[in-house]
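Student: For reference, the sequence and a predicted model appear below.
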Protein chains: 2
Amino acid sequence: MLRYSEIKNILKSHKLSVTVVRVDVLEFFIRENRALSFKDLEDEFKDSDRVTLYRTLNSFTDNGVLHKIPDDSGFATYGLCHDTCSSEDHNHDHMHFKCNKCGTIECLNLHIPPVKVPGYQVTEANLILKGICNNCAAA
Amino acid sequence: MLRYSEIKNILKSHKLSVTVVRVDVLEFFIRENRALSFKDLEDEFKDSDRVTLYRTLNSFTDNGVLHKIPDDSGFATYGLCHDTCSSEDHNHDHMHFKCNKCGTIECLNLHIPPVKVPGYQVTEANLILKGICNNCAAA
DNA sequence: TATCAAATTGCAACAAAATTGCATTTATTA
DNA sequence: TAATAAATGCAATTTTGTTGCAATTTGATA
């Protein structure tokens, strides 16, 4: 469990003012340790306004606390960024995994090897793997 | 320019009946040679009903004419499948590229190398590259 | 090619997802 | 602690996508 002071520092270091909703949402992301969708937040914070949750996700994404994970389901999910991310420099070169069984989307601690395409300038790569996650495979 | 008979054959080989809208939409995908969003279709086919275009995208995707390309913008785009795709077997192991300048999303003729994750069963991989496409880089 | 069943289309209504404006409340700074 | 700036909650609105149904079109076949 993360201490309030630590969460507060994360927000401050990303130039975000410390509010009740932001602390709760960030703590939720850290505790769950997986990518979360808007729906996940809505379910968890039933007493918060939907608009506030939308705005929280946006400010977190803008300021480098979260990154948006591409998904073909039409529902974006969000994952925690590295400490080093800021509004100036979002830097993500890790893979994502979506489990077809439990639906969980998570950030893997694996780098995407650099890809070269002749004639193209590649500055960013997003790799989303699908299959069965380690939890479901073990069960 | 693709002949009507060829487009008709593509539809038939995917078990889709040949209708005016379907022929036009498929011809548009082939002609544009890039991934298209619902909005692209809406702009192109102003006299067709929105519902019909949605249903066309869905039937094409279900029957292996198109595949959905994950995107973090929230807007799904669709790309042409290989000849071999069917409703039974969608098989895509190529990379996608999204240009930050012109916004074009395209399918690259490059395979995604297989990825292994210890403890996980990986059955599918989606790689989306971003940067500057060859057209914009040359200009 | 005429007929008929099955599928597609267009329309209207509806549902869901996301955004905007604004008054109120909360946080930050000095 | 007061003043300023930012975030929140609410209502209204826009955008996106879906559903039901009647009219039309397609595909099969006689």
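Tutor: Here it is on my side, so go on.
Student: Could you use CA atoms for every contact and neighbour count after this?
Tutor: OK.
Student: Tell me how many other residues crowd residue A:115.
Tutor: 12 (other CA atoms under 10 Å in any protein chain shown).
Student: Touching, it and residue A:124? I think so.
Tutor: No. Between residue A:115 and residue A:124 there is no contact under CA atoms under 8 Å: 9.3 Å.
Student: quick one, phi psi at residue A:95?
Tutor: phi -90, psi 160 (degrees, to the nearest 10).
Student: For it, give its distance to residue B:99.
Tutor: Here residue A:95 is placed at a distance of 20 Å from residue B:99 (CA to CA, to the nearest Å).
Student: Repeat that for residue A:40.
Tutor: 31 Å.
Student: who has more neighbours, those two?
Tutor: A direct count of neighbours by other CA under 10 Å for residue A:40 and residue B:99 places residue B:99 higher, at 21 against 12.
Student: which ones are touching the residue nearest the centre of chain A?
Tutor: Nearest to the geometric centre of chain A sits residue A:79, at 1.0 Å (CA atoms, centre = their mean). Remark: with contacts taken as CA atoms under 8 Å, 6 or more residues apart in numbering or on different chains, residue A:79 is in contact with A:29, A:34, A:35, A:36, A:66, A:67, A:68, A:69, A:106, A:107.
Student: Tell me which entries of these lie within helices.
Tutor: Among the contacts of residue A:79, the ones falling in helices (DSSP state H) are residue A:29.
Student: out of the contacts of residue A:79, what pair is the most spread apart?
Tutor: A:29 and A:69 (14.1 Å; CA to CA).
Student: distance between the longest strand seen in chain A and the chain's centre?
Tutor: The strand that spans the most residues within chain A, counting by DSSP state E, is strand A:121-132. Distance, stretch centre to chain centre, for strand A:121-132: 15 Å (CA atoms, centre = their mean, to the nearest Å).
Student: got a list of contacts for that strand?
Tutor: A:70, A:92-101, A:112, A:114-116, B:120-134, B:137.
Student: Would you reformat the contacts of residue A:79 as JSON lines and include neighbour count?
Tutor: Formatted as JSON lines, the contacts of residue A:79 follow (neighbours: other CA atoms under 10 Å in any protein chain shown):
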{"residue": "A:29", "neighbour count": "17"}
{"residue": "A:34", "neighbour count": "19"}
{"residue": "A:35", "neighbour count": "24"}
{"residue": "A:36", "neighbour count": "21"}
{"residue": "A:66", "neighbour count": "24"}
{"residue": "A:67", "neighbour count": "24"}
{"residue": "A:68", "neighbour count": "21"}
{"residue": "A:69", "neighbour count": "25"}
{"residue": "A:106", "neighbour count": "23"}
{"residue": "A:107", "neighbour count": "19"}
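Student: Out of the contacts of residue A:79, which is nearest to residue A:60?
Tutor: Among the contacts of residue A:79, residue A:66 lies closest to residue A:60 (CA to CA), at 5.4 Å.
Student: doesn't residue A:78 make contact with the closest one?
Tutor: Yes. Contact criterion CA under 8 Å: residue A:66 and residue A:78 qualify, at 6.0 Å.
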